[in-house]
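In: got a sequence here, can you build the structure:
(one chain, ligands or ions: 2)
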Amino acid sequence: MADPAAETTINVVCRFRPLNSSEVARGDKYIPKFQGEDCVLIAGKPYHFDRVFQSDTTQVQFYNAVAQKIVRDVLGGYNGTIFAYGQTASGKTHTMEGKLHDSDMMGVIPRIVDDIFNYIYSMDENLEFHIKVSYFEIYLDKIKDLLDVSKVNLSVHEDKNRVPYVKGCTERFVSSPEEVMDAIDEGKNSRHVAVTNMNEHSSRSHSIFLINIKQENSQTGQKLTGKLYLVDLAGSEKVGKTGAEGTVLDEAKMINKSLSSLGNVISALSEGSGYVPYRDSKMTRILQDSLGGNCRTTMVICCSPSAFNDAETRSTLMFGQRAKTIKNTVSLNVELTAEQWKKKWEKENEKNKTLKNTVTWLEAELNRWRSGESVPVEDQFDKEKAQAEVQALDSALNNDKTAPAPALTPLPGVKLTEAETKQYGAEMAKLYKEMDDKDDEINQQSQLLESLKQQMLDQEELLSSSRQDHDTLQTELSRLLSENEASKEEVKEVLQALEELAVNYDQKSQEVEDKAQEFEALSEELNEKSSSLASIDCELQKLKEMTNHQKKRVTEMMSSLLKDLAEIGIALGSNDIKVTTRSSGLVDEEFTVARLYISKMKSEVKAMVKHSKQLESSRSESTQKIEATEMELIALQLRVSQHEAKIKSLTDSLQNVEQKKRQLEETVDSLNEEIVRIKAQEKVNTLEKDNEIQSANEIKDAVEKQIQSHREIHQKQIGSLRDELDHKEKLMTELQDLNQKIVLEQERLRVEHEKLKAADQEKNSRYICRYVELHARELQTLHNLRRLFVKDLTTRVKKSAHMDSDDAESTTMQKQKICFLESNLEQLTKAHKQLLRDNADLRSELPKLEKRLRATAERVKALEAALREAKENAAIDRKRYDQEMERIKDAVKPKNTGRRASIAKPIRPGQLPGASPINTSVNRSNLIQNNQPAGIKGGGNSR
Ligand code: ADP
Ligand code: MG
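Out: Ligands and ions are numbered 1, 2, ... in the order given. Just a heads-up that it's a prediction; the model follows:
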């Protein structure tokens, strides 16, 4: 080597953190007392280190004092290691990492990274660097790559220089501090992701950040390598048997193992014992070079200052003291150039010669000893003498090319031949190799064991869960069976109830039909009555016309009578003197004429009175008839309304029945489904019993899925049917509302009609009364006239008898009479005029009334037509509804039976595992899945 190997001790520094807030709050005592820069006193006992850092040391101070020089070592081709040792929360991570992106609080690692690059930038231009980093953690003696989470259990191998390394660990080439920090961030992230309790995890795992630097001088061709391990160890406190929550004893042992083997290694090294148990743990193996090997190692002993952690602090300090005694032999990691190799070979050759000489000397001495000779002291082997001899020999045979091959140093007292030595070396190498292989194998086996254990756990879980499932299924089955029985009973009952309901429904529909027929009949009757009312109205009209006619006749008669009277008056006036002069025969003639007239008048008056009486009786009759008809009409309408109410209630009840029916159908459906499911489960269970739990489960799933799908379809159908039904019902209620409205309108119109009729009647009666009154008055006047006339005539006749004796007197009398008659006539004309006026009034009123009557009749007709139409519509709707109901009933009935069939389908024996091609493929694929080898992890979970 170009540089002689230098022996150095491990650099051990101690760092106390300040009391943390909870310790302050608790009033913990601050126990360390510092003496100088390298000594700390705990309870009076001094502990010496290379440096002791008090609690107020800043990150940069610590770095400058401890870690900075390591950068130069590593870049100079030496290996370096910084350990942080101490109990949990003593400041290891704070020291190694700190706050990674905080320039004040960042710890050793980010500062080293920065420094490495800064140093490189300031170095010789001819140097070329290759920097790669690795980041892994060791937990339960398993190496997990933090830069590739898929690498979870890496193994440790030795390279050709017998230096251990983590095989297969990700090595990331980096060219800037940012890239290194990215790698650290990534590693920390993947550390966080995998665990639930990061604090616990980090206190039990070692995290190791490795920076590997290779440099090559392009001028001299010299190559140097330096490895820097930055190790944040697990908490140094022992994990008790029950200390680790959720871990079994084995795990607690494993957690302690790597640290305790670190302790053992350090003890062995400090005691200088021949055997160092590096191979006890992966951690010690990886750091073999850092502990007693070719490495500049710094150990940071992190301590809590609290009196509470007194014991831990002391043991930590003791550990540091022990570690301080470890000696490392540091040498430059250099790849030699050809020249250097040659020099080295020559040197080695020289060494070899000395050794060979020693060997021959010793062999000779040994032989002598063995042959029983005693070798005198001066003949015995002496190192210095031998060396001197070799040198002498060397100078004598300077260019002796026949120097034998170098041999390994044999153990004292054991004579080994060259071949044996070779063999021994080869064997050693082979054995180491084997050991590594075994290590590998052990790793693999442990991985396999782990996975198998996991699988076993999974399987056990699965088994117990399936057992539980089985039990629950069994109980469920029995429950379902009993339920099935009950359901069957229930179904029977429901079916019976359904039948009853159907019968009921039929009865109700029959009743509805009857009622509708009755309604129809009543409507017809109403129509008839209305027509009869119309005919009566007609009759009334006729009667009115007749009265008019009679009136006309009476007026005519009256006028003729008045004419006659006037003529008589004239005749009487003109013939007064004549009468006296003429013969008494002419008077008689005139008297007879008058009598005839009077009798004629009398008969006519009688006929008139008779006729008026007749008219009156017919009027009263017609009024009676009208009244009766109206009564009937009212009764009919009442009946109609009753019937309508009845129809309404019937429809309501019909709806109720329908709803009930639907509910019952639903229950029947659900019960049917349940039966089918139970049957399916029975089948599944029998299959399960045949140890085909999985396939049974699959089948069950499939069956249930099918049932589910059937149920869904069925429910969809039912839903659509129900929607339709609802729609129809809505339509029906709308129509009924319309009907109701029409009926109400009719009622209103009827009332109006009645009112009009009453008014009409009143008017009629008034008119008739007036007419009769007038008639009576006229008759009275006629009577009076007659009487007067008769009186006049008798007086005249009497006077005519005395005429001869008293002529002058008679003339005045006659004149008086004429006056009287004239006044009478005037009165009569007045009465006549009044009558005529009244008549005219009545006539003018008559067309109005007629018009009104006609309008009313038309209205009645229209209303009747509307009613009829509404009834027809209602009948049509009813019919439609009935048809719809029938259709739905029909649809539901076959669906019930059809549904049963469709649910039962999947559990038909022919269709079970693989009757239909789809099922076959599905089941087969499931079976294939289930038969996958147990080695595939998670196969059990997927079930
Ligand atoms: P460990 O890694 O040993 O379990 P940490 O480094 O996580 O402990 O430290 C525990 C706590 O104490 C952290 O909050 C850290 O910031 C704090 N701490 C540790 N050392 C110091 C120190 N020298 N100065 C200030 N705070 C510190
Ligand atoms: Mg930590």
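
In: look up the closest residue to the residue of the stretch 251-400 of the chain found nearest ligand 1, ignoring the ones flanking it.
Out: Proximity of the stretch 251-400 of the chain to ligand 1 (CB to the nearest ligand atom) peaks at Cys302, 5.6 Å away. Every residue, glycine included, has its C-beta placed from N, CA and C. Among residues not flanking Cys302 along the chain, Gly86 sits closest, at 3.2 Å (CB to CB, 6 or more residues apart in numbering).

In: ok, Arg662 next?
Out: Closest residue in space to Arg662, ignoring its immediate chain neighbours: Arg722 at 7.0 Å, by CB to CB, 6+ apart.

In: can you pull the phi/psi pair for the closest residue to Ala6 other than its chain neighbours?
Out: Excluding its sequence neighbours, the residue lying closest to Ala6 (CB to CB, 6+ apart) is Val330, at 5.2 Å. Main-chain torsions, Val330, degrees, to the nearest 10: phi -100, psi 130.

In: now do Val330, the pLDDT please.
Out: Here the pLDDT value assigned to Val330 is 81.

In: so what's it up against?
Out: By CB atoms under 8 Å, 6 or more residues apart in numbering, the contact set of Val330 is 5-8, 78-79, 294-296.

In: tell me which two of those sit farthest apart.
Out: Greatest spacing in the contacts of Val330, by CB to CB: Glu7 and Asn79 (14.6 Å).

In: neighbours around the residue nearest to Cys302, how many?
Out: For Gly86, the neighbour count with other CB atoms under 10 Å is 30.

In: for it, phi and psi?
Out: With angles defined as degrees, to the nearest 10, Gly86 sits at phi 160, psi 170.

In: same deal with Leu210?
Out: Leu210 adopts backbone torsions of phi -120, psi 130, taken as degrees, to the nearest 10.

In: and the stretch 51-200 of the chain, which of its residues are near ligand 2?
Out: For the stretch 51-200 of the chain, the residues in contact with ligand 2 (CB under 5 Å from the ion) are 92-93.

In: likewise for the stretch 601-750 of the chain?
Out: Within the stretch 601-750 of the chain, no position lies close to ligand 2 (CB under 5 Å from the ion).

In: chain neighbours aside, what residue packs nearest to Thr220?
Out: Thr337 (7.0 Å).

In: same thing with Ile208?
Out: Setting aside the residues directly before and after it, Ile208 is nearest to Val231 in space (CB to CB, 6+ apart), at 5.1 Å.

In: hmm, the helix or strand hosting the one you found in reach of ligand 2?
Out: In this assignment (DSSP states H and E), Val231 forms part of strand 223-232. No. Counting by CB under 5 Å from the ion, no contacts exist between strand 223-232 and ligand 2, the nearest distance being 5.9 Å.

In: show me what that strand is packed against.
Out: helix 68-75, strand 80-86, helix 92-96, helix 108-121, strand 206-217, strand 334-335 (3 or more CB pairs under 8 Å, 6 or more residues apart in numbering; DSSP states H and E).

In: now do the helix or strand following that strand: which elements does it pack against?
Out: Downstream of strand 223-232, the first helix or strand assigned by DSSP H and E is helix 249-271. Secondary-structure packing of helix 249-271 (3+ CB pairs under 8 Å, 6+ apart): helix 282-286, helix 310-324.

In: could I get the pLDDT score of the nearest residue to Asn839 once chain neighbours are set aside?
Out: Setting aside the residues directly before and after it, Asn839 is nearest to Lys551 in space (CB to CB, 6+ apart), at 6.3 Å. Lys551 is assigned a pLDDT of 85 by the prediction.

In: name the SS class of Lys551, please.
Out: Using DSSP: H, G, I helix; E, B strand; the rest coil, the structure places Lys551 in helix.

In: run a quick neighbour tally on it.
Out: Residues lying near Lys551 (other CB under 10 Å) number 18.

In: what's the answer for Val503, then?
Out: 10.
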